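*Asks:* Give me coordinates for this.
(one chain, ligands or ions: 2)
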Amino acid sequence: MITGSCHCQGVKYEIATEVQAFQHCHCHTCRKIHGTVYGSGAITSADGFRIVSGNDKISEYESSPGKKRCFCCDCGSHIYAYMAKKPGIVVLRIGTLDQDPKVRPTRHIWMSHKAPWYEVLDDLPRHDEMPA
Ligand SMILES: [Zn+2]
Ligand SMILES: [Zn+2]
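*Replies:* Ligands and ions are numbered 1, 2, ... in the order given. Sure, this is the predicted structure:
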């Protein structure tokens, strides 16, 4: 079991299923929403994802049609996202995990939106957009 939480600990969650597809997204939306140079996400099955406490503190923001970003309304941590067209999947904001998920980043996506002042220094595959 892996656990995660927001910065203020008001929202806590646990994951009983595998964490996969860990990637760094440089799109404009992730940059704004995370307030960082890119957003790091991974997916897990919605069946294995459970909010343990703080459900009432979660605020949702629809960043693009059908995609909801879920935040702690007290501290502002972006915790996870989900998509109306992929109901079986939860997109974890991997920085909110409390343990090492034992998976490693696999790629950079939306390089076409990358901040001009940031240079990627690893050897992971890079994609201009989200590959099919
Ligand atoms: Zn919080
Ligand atoms: Zn993105």
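*Asks:* contacts and neighbour counts: CA atoms only from here.
*Replies:* OK.
*Asks:* So for the spatially most central residue of the chain, what's the pLDDT?
*Replies:* Closest to where the C-alpha atoms of the chain average out (C-alpha atoms, centre = their mean) is residue 93, at 2.6 Å. Predicted confidence (pLDDT) for residue 93: 97.
*Asks:* all helices for the protein, in order.
*Replies:* Taking DSSP state H to define them, one finds helices in the chain at 28-34.
*Asks:* Up against ligand 2, what does it have?
*Replies:* For the chain, the contact set with ligand 2 under C-alpha under 5 Å from the ion comprises 25, 27, 30.
*Asks:* The residues you listed into a markdown table, with extra columns for pLDDT?
*Replies:* Shown next, in a markdown table, are these (pLDDT from 0 to 100):
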| residue | pLDDT |
| --- | --- |
| 25 | 98 |
| 27 | 97 |
| 30 | 96 |
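*Asks:* Which stretches in the chain count as strands?
*Replies:* 2-5, 12-15, 20-25, 39-45, 49-53, 58-64, 67-72, 78-83, 86-93, 107-109 (DSSP state E).
*Asks:* Let's see if you can find the most crowded of the residues of the chain next to ligand 2.
*Replies:* The residue in the residues of the chain next to ligand 2 with the most neighbours, by other C-alpha atoms under 10 Å, is residue 25 (24 neighbours).
*Asks:* hang on, isn't that one packed against residue 108?
*Replies:* Yes: between residue 25 and residue 108 there is a contact at 5.9 Å, judged by C-alpha atoms under 8 Å.
*Asks:* For residue 132, give me the pLDDT.
*Replies:* pLDDT at residue 132 comes out at 84.
*Asks:* before we move on, the earlier item: just confirm the residue nearest to the centre of the chain contacts residue 34, I think it does.
*Replies:* No: if you go by C-alpha under 8 Å, residue 93 and residue 34 don't touch, sitting 9.2 Å apart.
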